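Peer 1: need a structure here:
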Amino acid sequence: MANQHTPSSDDPGRPDVDSVLQTETGGRAATGPAAVILFIVPVVWSLFQIWIASPLPFMLEFGIFNSTETRSIHLAFAIFLAYASFPMIKGRTTTHVPVYDWILALLAAFAASYIYVFYQELAQRPGAPILQDMIVALGGLVLLLEATRRALGLPLTIVAAVFIVYSVAGPYMPAVIAHKGASLEKLAAHQWLGTEGVFGVALGVSTSFVFLFVLFGALLERAGAGNYFIKVSYALLGHMRGGPAKAAVVSSGLSGVISGSSIANVVTTGTFTIPLMKRVGFPATKSGAVEVAASTNGQLTPPIMGAAAFLMVEYVGISYLEVVKHAILPALISYVALIYIVHLEACKLRMKGIERLDRPTVSQRLLNWVVMLIGLCVLTFAVYYGVGWTKGLMGPAAPWVLAVMLAIIYVALIAYSARFPELDQEHGDISELPPVGPTVKTGLYFLLPVVVLVWCLTVERLSPQLSAFWATIFMIGIVVTQRPLQNFFRNRGHLFGALKGGASDLIHAFATGGRNMVGIGVATATAGVVVGTVTLTGIGLVMTEFVEFISGGNLLLMLIFTAIISLILGMGLPTTANYIVVSTLMAPVIVTLGAENGLIVPLIAVHLFVFYFGILADDTPPVGLAAYAAAAISGADPIRTGVQGFTYDIRTAILPFMFIFNTQLLLIGLTGWFDLLVTIASAVTAMLVFSAATQGYWFTKSHKWESVVLLLLAFTFFRPGFWWDMIYPPTEMRPGATLMEQVEKTPADGKLIVKASGTTIEGAEKSTYIAFELPAGETPEKRLTATGMELSPDGDRMAVDYVEYGSPAQNEGLAYGWTIDAVQAELERPPKELMFIPALLILGLIAWGQLRRRPPEDAIATV
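Peer 2: I've put the predicted structure just below:
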């Protein structure tokens, strides 16, 4: 590949791609019998995961496992492969597996499967482990920590070890974090023999959801979808200024659907796009940085957002569709902004696009876009209403009819693709752009399994596990049949050989999926130690007091503190483990302290905040592995690549702060379609203006004062209420005695915010803000009773006479004996969006000034 420098592992400071990917694909390149075992075990693991996700066990009444048993078996596979795949000392025994590693692998697998093997016996002695249980549990914890060190490095191992020590050494800790301590028996039972620690929610999500999505990605990649997405992106965007860099952004976003990994995105798309960026004039550092910024955002892109997105489903208690809905707008505007940043960089360097062989006219381009848009709309309506009609007509037989129709569409698309030349599998130094039409049409069938996945998630409302199962089954069919079908329609013969090749691809995809899950399986299990420690010791309450102390109760300082923790931990922890650790410790703290300061922060907003900064750690110097992977391809310095990549990702770093204070960016609190359109338009404008400000370039090079004004304008578009609230306060606090009046004004299922105070169980006086969701009711009293509380007047306050156990009122923290001191009342005021008018006027003045002083050679259009 021209202009590409891929240093060897002997070159200090620039590790090669294989060494950077060690945690993604396995540390050993074993040969002989060891290679056979390391191939068969991941395949068996993949088959097991498909089996437990399918409805077959319940149909056949055979091979049914409960969730605890499946977690145990899942970890047994992961920990066995961790010892067999990763050497004790990096760089040693890379081609064979020593005997001691086989012994450790078997011991670790036995310890992990102990709950499954002795399930009935353990159920008869809950919380009372015998000596055998103690030896297995404590030994299992030690073996898990060592497996984590091998597969993921020291950081997560150290974090988990510190929490284990904290569990047993509580009385000896500093007063601010001291607790009564846990015995070894209690530690073993809690962390290993139950579902509060290692075998808790995190490992359950890895078992139920994540494996299937990783396997789905491995199947897509093996089938050639990754190469297809890269070539399509390049064909569509390569003719623009900085076209290869824009193609890198789009292809990395599409690859995020496949891999869910920043590092995997870099090494798959980057090997193609980074050399092309260098060829059209991007410096090596910026070429790598663009790829890093695009790849780290791949995990933010729905519908597949990495393992952490599935953990949110469990931790926040909402459906996966809700997670996707809240995450989609920030992800899209972040990608739009990165494409714009690339365009501005290309403008600064006066680049040109790569010449297209079949250069269409402007009118032809416009016609193509219109035809494609109309076609997509017609197809969408036909599929949606056609499937609905089929289900109504066919009844129980509808799924089989739809499956046959889907198979016919797949075969028809394969036949259609055979009319065009096959895509080159090599990412060479392309000097001419491939034609758009034939390139797009050669792989349209790759979109079908993604459509099936999205359809099952969004329309059928199936669980993520079952949706991934059906998409995976369809993808298995594609991997096996696409070769013989292509040979048949291209009149090449050799159908049986092509079928054997498809079967081989399938088995190798199973093996790849299993190997790619080793790190995630071990990480979620080890992160479960942290979650278990929180529930065992009550450190969550301690963290609330500690963070409140260091932040002085200031929510913004608390968010900055949380972001720094996420970045620091994320330098050494995988995104999933980082998310589990930080969200477990910090998410409840932010919600609680926000409420005490009058800001009701939705839990999903806090979890997305942590998720974003955990991902950004992948390009945060000095460790960011994605930056090292990009530097290995570009030949640039990895630290400088990481720094440049992080400057591009500042746009992503400000988004979490914005959606904490303006939850409309997460599509929360919108009142209709117009409100949605205004939110999208203002958010996109804000991000583009912010990008221009941070790049110091818009139509031409910006003055410093212009960049400052652009930053203020971006803030205004993101959060217009900040300025508007100073002129027209949105709410006011009225005496608690007016509560019934406010309840009557609150619409059904609307939010009522009150300020309550009282004495906690610990005997401390507390004052906090509480948000109630009021159901419909005939009278205000009945609506309040439906929330589980009864009140009586007490001067200008309302006294809490009764709180029903398990009711919304109790869940929000209200207790008997408390008082409601004040209630929030909304005030009539002009819409805050009026702030956009002066902001747009100022933006227009800056644009006019830049256009006036722009040199003729810089007279280039912006995107």
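Peer 1: Quick one: residues contacting the nearest residue to residue 111 once chain neighbours are set aside.
Peer 2: Closest residue to residue 111 apart from its sequence neighbours, by Cβ to Cβ, 6 or more residues apart in numbering: residue 140 at 3.4 Å. The way it works is simple: take the backbone N, C-alpha and C, and place the C-beta from them, glycine included. Residue 140 is in contact with 108, 111-112, 114, 192, 198, counting by Cβ atoms under 8 Å, 6 or more residues apart in numbering.
Peer 1: For residue 153, see how far away residue 140 is.
Peer 2: To residue 153, residue 140 is 20 Å away according to Cβ to Cβ, to the nearest Å.
Peer 1: what's the answer for residue 44, then?
Peer 2: Taken as Cβ to Cβ, the span from residue 44 to residue 153 is 27 Å.
Peer 1: Looking at the two, which has the bigger crowd around it?
Peer 2: Under the criterion of other Cβ atoms under 10 Å, the comparison of residue 44 against residue 153 puts residue 153 first, with 18 against 13.
Peer 1: Now the more buried one: phi and psi?
Peer 2: Torsion angles at residue 153 (phi, psi; degrees, to the nearest 10) stand at phi 90, psi -180.
Peer 1: Does residue 328 touch residue 302 like I think?
Peer 2: Yes: shown here, residue 328 and residue 302 form a contact pair, counting by Cβ atoms under 8 Å, at 5.1 Å.
Peer 1: Do a quick rundown of the strands in the chain.
Peer 2: Taking DSSP state E, the strands of the chain run over residues 731-735, 750-759, 765-774, 789-794, 797-803, 819-826.
Peer 1: Tell me which of these lies nearest to residue 49.
Peer 2: strand 765-774 (37.7 Å; Cβ to Cβ).
Peer 1: Residues contacting the closest one, please?
Peer 2: 592, 595-600, 743, 746, 748-760, 783-784, 786-787, 808-809, 812-814, 821.
Peer 1: Show me which parts of stretch 479-493 are buried, residue by residue.
Peer 2: Within stretch 479-493, the residues that count as buried by 16 or more other Cβ atoms under 10 Å are 479-488.
Peer 1: Residue 177 reaches residue 538, doesn't it?
Peer 2: No: checked against Cβ under 8 Å, the pair residue 177 and residue 538 is beyond contact range at 10.5 Å.
Peer 1: low-confidence ranges in the stretch 1-150 of the chain?
Peer 2: Scanning the stretch 1-150 of the chain for pLDDT under 70 picks out 1-27.
Peer 1: Repeat that for the stretch 201-350 of the chain.
Peer 2: Within the stretch 201-350 of the chain, the ranges that satisfy pLDDT under 70 run 253-265, 267-268, 303-308.
Peer 1: One more: the stretch 551-700 of the chain?
Peer 2: Checking the stretch 551-700 of the chain against pLDDT under 70 turns up 553, 570-575, 596-598, 618-625.
Peer 1: can you map out the helices along it?
Peer 2: Along the stretch 551-700 of the chain, counting by DSSP state H, counting those that start in this stretch, helices occupy 555-570, 575-596, 603-616, 625-634, 638-648, 650-661, 673-695.
Peer 1: ok, residues contacting the last one?
Peer 2: So the one you mean is helix 673-695. 329, 333-334, 336-337, 340-341, 344-345, 348, 647, 650-651, 654, 664-665, 667, 670, 698, 702, 707-708, 710-711, 713-718, 720, 833, 836, 843.
Peer 1: Among those residues, name the ones in helices.
Peer 2: Members of the contacts of helix 673-695 lying in helices (criterion: DSSP state H): 329, 333-334, 336-337, 340-341, 344-345, 348, 647, 650-651, 654, 707-708, 710-711, 713-718, 836, 843.
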